[in-house]
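# Quick one: sequence plus predicted model below, questions after.
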Amino acid sequence: MRNVAWITTEDTILSESESLQNAQLAMNLCAGWGWKKEAAAALCGNMRVESWVNPNIWEFGFNHSLERGYGLVQWTPATKLTEWASANGLDYTNGDTHMARINYETEQNIQWGPKIYGTPPYDFRSFALNT
């Protein structure tokens, strides 16, 4: 059992030390799933830019719209995470839930954002093992 919890203050830009605490939790989960540390660090870097590594932050300026971004990786639409969490009996504000969805998407090889940005599809199973 770990003694450190996710910092999930709603719509709060986390300090560097708070972001690092949450990033360490994400790194630990990725390591447990067999991710390479470089891939997990890349994911955490993305989270730092997207959300300050705060799982309970909504895209600023959009009044908590479920059609906009939410959480660690700014799930867009937010319902991609919230509905999945609800269907699985999970708290969508918790970082473990966000990470479980990331692991689910990795295992199911679901792409995270290429359709939005026009980039080629990503193979996240390969990404997780990439150094």
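Here it is on my side, so go on. In this text the structure is predicted, and so the values were computed from the model without any measurement.

# Nearest spatial neighbour of Ile7, chain-adjacent residues omitted?
Spatially, and ignoring its direct neighbours in sequence, Ile7 is nearest to Glu18 (4.8 Å; CB to CB, 6 or more residues apart in numbering). To be clear about C-beta, it is placed using only N, CA and C from the backbone, and glycine gets the same treatment.

# ok, now Thr106?
Using CB to CB, 6+ apart and skipping the chain neighbours, the partner closest in space to Thr106 is Phe124 (4.5 Å).

# my read: that neighbour touches Tyr104, true?
No. Assessed by CB atoms under 8 Å, Phe124 is found out of contact with Tyr104, at 10.4 Å.

# quick one: which of those two has more around it?
Comparing Phe124 with Tyr104 by other CB atoms under 10 Å, the one with more neighbours is Phe124, at 21 against 12.

# mind checking pLDDT for the residue nearest to Thr106?
Phe124 carries a pLDDT score of 76 in this model.
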